[in-house]
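1. need a 3D model of the sequence below.
(2 chains)
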Amino acid sequence: MKPGTKLKSTVCNTEVMVIKGSDLVVECGGAPMTAEGAAEKGSVNPDFAGGTLMGKRYVNEDGSVELLCVKAGEGALAIDGQLLPTKDAKPLPSSD
Amino acid sequence: MNIVLILQMAAEAGADRVGLVCDGRRWTYGQLLEAAKGAAEIFINSGCEQVALLDESSEAAPIALFGAAMAGIPYVPLNYRLADEALGALLDRIKPAYVIGDVERSNRLSQGHTCATREAFVQAAEEAAAGASGEEREGEGIAAQIFTSGTTAAPKAALLRHTNLLGYILGAYEFMTAEETDAQLVCVPPYHIAGISALLSSFYSMRRIVMLPAFDPDTWLKLAGDEQVTNAFLVPTMLARVIARMEETGNATLPSVQSIAYGGGRMPPELIAQALDLFPNCNFTNAYGLTETSSTIALLTPEDHRTAHQSDDPAVRARLGSVGKPLPTIELEIRDDEGQVLAAGERGEIYVRGEQVSGEYREKSVLDAEGWFPTRDAGYLDDEGYLFLAGRADDVIVRGGENISPGEIEDVLATHPAIADSVAVGAPSVEWGEAVAVAVVIKPGAETPSNNELSQLIKDHLRSSRVPEKIAVVEELPYNEMGKLLRREVKKLFLD
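-> Numbering: from 1, shown residues only, chains lettered A, B, ... in the order given. Next up, the predicted model:
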């Protein structure tokens, strides 16, 4: 997954852009995300149904993967079954 | 990566929300994205290799910026204030281009381009939207090409990649943090990096842009009131003119304005202190950045301003004259001429590194092997890491082997009650190689101090090597429209 790659959920509307990537497989709603998404969407696994939020950044534990949610959906993001938390950035004042 | 993502996200989250107000027309994010798609189609069909904007700010700027991004073609905003010869040379360097704006000038000064007026381009983009694919192209990965002002040689073509600009926006801003009632008054010219970063950051924050194509304090104040503007960016000279106008009209309030950011030139400490007293509830942010760094790399926060303004500690108070601390995503070092990293308090050249730092020109990259960019700005850090600028590294006066910073002399001159503005430059000297020369502007109604008096003032505060050998009294100092002092013009005064 190189930075800039977009991944689509195969079970909901979620789309993410890779900001920092590795070879790990990103899942959404319990199913692996793909570049193309799915023509016919499967169903969201209830264990991974927390939803995604537009504009939020999701990171894995060791920080090797960072994803920006560019379209929200009902599935939750995970890697190897581990839910990805959002990265909380300290807000900076607008300088432009 | 592609910066068009910013507009796509805004349109996804709020297609019907107003993103831009210009000349009385209101554009939603959805309409802007559609027009950008149409623009991309037009650019690709024209066979152009660059998209140039030769015009004041308008809706055409974001439509062309994002349309070019989608088409994978660099966006090149040109300075319409340039004289014919200089502008013609730049147009020749970017052919074949799709030029938006001043068709007559473009055709007269350079051949081989496709040209359209602002109105014709915007209309064509809206019409082409329906059949447009909306497909993103990667191209060379360059989002914008900005010609630097070229103080010493021909203007350099600074390249900002999609990764640089997105790196800046994603590092410094959060998506959709603005309220729907928030509005940002944008009055910087489109060919300046601040004009581009204002578009990107406002769209990403989803803060409605109120565009003021040509700055004038009365129009600025009227728009700020009419559109209930909450945020603004000004260069110091613009802020001075707004404050002066408010004092003249006796209407010294800006009720809706919550935040004012400033940058692009040196802010006189008296001016920012005056602004803080006048608008105690307004948040002031000082931003420091360069074209080559995709805008801001350091900022002095509103809290820093208040703390410094209210402090009795001279070291803390002095920070009102600093540009604050580097962004968390930026590494910054002060280095000497040999490249050694200097300790706090020592003056040297500012080096920065980070994703938003391009340091790349069309001709070559100036990043070193480890990715550090030499800014050519001189400065130092204080004990707590606040960055102080000390002029351009090239502005240093070298008198008989001794390095003299013009700023230290100018700061002393500023304390004289009759002096409104001053500049120190190096003048050719047979004895010293370079000698100190100063040009001063006298306040209206004040008596012109004698050369002896000014020399004594400097001698009392600084070493005798700082005492000027030449003093010129002038009506005004030459600033460009962004408030940048043109020292090379001042130097010409002393070439006898």
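
2. please make it C-alpha for all contacts and neighbour counts, starting now.
-> OK.

3. break down the stretch 101-250 of chain B into its strands, ranges please.
-> B:114-116, B:142-147, B:157-161, B:183-186, B:208-211, B:231-234 (DSSP state E, counting those that start in this stretch).

4. ok and the third one relative to strand B:142-147, angle-wise?
-> It refers to strand B:157-161. 160 degrees (axes from the mean of the first three to the mean of the last three C-alpha atoms, to 10 degrees).

5. retrieve the pLDDT associated with residue 66.
-> Let's take chain A. According to the prediction, A:E66 has pLDDT 95.

6. the intended chain is chain B.
-> 98.

7. do the same with B:M246
-> 89.

8. tell me how far it lies from B:T253.
-> The gap separating B:M246 from B:T253 is 8 Å, by C-alpha to C-alpha, to the nearest Å.

9. swap in B:A437?
-> 41 Å.

10. between the two, who's got more neighbours?
-> More crowded of B:A437 and B:T253, by other C-alpha atoms under 10 Å in any protein chain shown: B:A437, with 24 against 13.

11. does that one lie in a helix or a strand, and which?
-> Secondary structure assigned from DSSP states H and E places B:A437 in strand B:433-442.

12. out of the helices and strands in chain B, which is least certain?
-> Lowest by mean pLDDT, DSSP states H and E among the helices and strands of chain B is strand B:402-404, with a mean of 81.

13. what is it packed up against?
-> Secondary-structure packing of strand B:402-404 (3 or more C-alpha pairs under 8 Å, 6 or more residues apart in numbering or on different chains; DSSP states H and E): strand B:397-399.

14. for the strand it packs on, packing partners?
-> Strand B:397-399 packs on strand B:402-404, strand B:419-429, strand B:433-442, going by 3+ C-alpha pairs under 8 Å, 6+ apart.

15. what does chain A have sitting close to chain B?
-> Where chain A comes near chain B, counting by C-alpha under 8 Å from any C-alpha of the partner chain, the residues are A:3-5, A:54-56, A:70-71, A:91-96.

16. buried only: go through those for me.
-> Buried members of the residues of chain A next to chain B, counted by 16 or more other C-alpha atoms under 10 Å in any protein chain shown: A:P3, A:G4, A:M54, A:G55, A:K56, A:V70, A:K71, A:P93, A:S94, A:S95, A:D96.

17. just these now: which is nearest A:S22?
-> A:P3 (9.3 Å; C-alpha to C-alpha).

18. surely that closest one touches A:L68?
-> No. At 10.5 Å, A:P3 does not count as touching A:L68 under the criterion of C-alpha atoms under 8 Å.

19. quickly list what's touching both of those two.
-> Common neighbours of A:P3 and A:L68 are listed as A:M17, A:V18, A:I19 (criterion: C-alpha atoms under 8 Å, 6 or more residues apart in numbering or on different chains).

20. can I get those residues in JSON lines including neighbour count?
-> Below are these laid out as JSON lines (neighbours: other C-alpha atoms under 10 Å in any protein chain shown):
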{"residue": "A:M17", "neighbour count": "23"}
{"residue": "A:V18", "neighbour count": "21"}
{"residue": "A:I19", "neighbour count": "23"}
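
21. just to revisit the earlier point, so for the strand holding B:A437, what gets flagged as buried?
-> Those buried within strand B:433-442 under the rule 16+ other C-alpha under 10 Å are B:E434, B:A435, B:V436, B:A437, B:V438, B:A439, B:V440, B:V441, B:I442.

22. separation between the second one and chain A?
-> The span separating B:A435 from chain A equals 38 Å under the rule C-alpha to the nearest C-alpha, to the nearest Å.

23. what are the phi and psi angles of the closest residue to chain B within chain A?
-> Going by C-alpha to the nearest C-alpha, chain B is nearest to A:G4 of chain A, at 4.2 Å. According to degrees, to the nearest 10, the main-chain angles of A:G4 amount to phi 100, psi -20.

24. the residue nearest to it when sequence neighbours are not counted: how many residues sit nearby?
-> Of all residues beyond its chain neighbours, the one nearest A:G4 is B:M1 (4.2 Å), with distances taken as C-alpha to C-alpha, 6 or more residues apart in numbering or on different chains. For B:M1, the neighbour count with other C-alpha under 10 Å is 22.

25. three-state assignment of B:M1?
-> Secondary structure for B:M1, judged by DSSP: H, G, I helix; E, B strand; the rest coil, is coil.

26. need the contact list for it.
-> Neighbouring residues of B:M1 by C-alpha under 8 Å, 6+ apart: A:P3, A:G4, A:T5, B:H162, B:T163, B:L166.

27. B:E453 versus that one, what's the distance?
-> 60 Å.

28. likewise for B:I404?
-> 21 Å.

29. which one's more surrounded, the two?
-> Taking other C-alpha under 10 Å, B:I404 and B:E453 do not tie; B:I404 has more neighbours (20 against 11).

30. nearest spatial neighbour of that one, chain-adjacent residues omitted?
-> B:I397 (5.0 Å).

31. please apply the same query to B:A13.
-> Spatial nearest neighbour of B:A13, chain neighbours left out: A:M54 (7.6 Å); criterion: C-alpha to C-alpha, 6+ apart.

32. element containing that neighbour, please.
-> Using DSSP H and E, A:M54 sits within no helix or strand.

33. I figured it hits A:V70, correct?
-> Yes. A:M54 is within contact range of A:V70, at 5.5 Å (criterion: C-alpha under 8 Å).

34. show me where the stretch 301-450 of chain B has its strands.
-> B:325-326, B:331-335, B:348-353, B:360-361, B:373-381, B:387-392, B:397-399, B:402-404, B:419-429, B:433-442.

35. of the ones you listed, which stretch is the most buried?
-> Of all the strands of the stretch 301-450 of chain B, strand B:348-353 carries the top mean neighbour count, a mean of 23, counting by mean count of other C-alpha atoms under 10 Å in any protein chain shown.

36. residues making contact with that strand?
-> Residues outside strand B:348-353 that contact it (C-alpha under 8 Å, 6+ apart): B:330-337, B:342, B:371-380, B:393.

37. parallel or antiparallel, list what pairs with it.
-> strand B:331-335 (antiparallel), strand B:373-381 (antiparallel) (DSSP bridges).

38. now chain B against chain A: closest residue?
-> For chain B, C-alpha to the nearest C-alpha, closest residue to chain A: B:M1, 4.2 Å.

39. B:F203 and B:R266, how far apart?
-> Distance from B:F203 to B:R266, by C-alpha to C-alpha: 28 Å.

40. sorry, wrong one. I was asking about B:L33.
-> Going from B:L33 to B:R266 by C-alpha to C-alpha gives 37 Å.

41. please apply the same query to B:A427.
-> 22 Å.

42. next one: A:K8
-> 47 Å.

43. could you report the pLDDT at the closest residue to A:M33 other than its chain neighbours?
-> Nearest residue to A:M33, sequence neighbours excluded (C-alpha to C-alpha, 6+ apart): A:S9, at 4.7 Å. Note on A:S9: pLDDT of 97.
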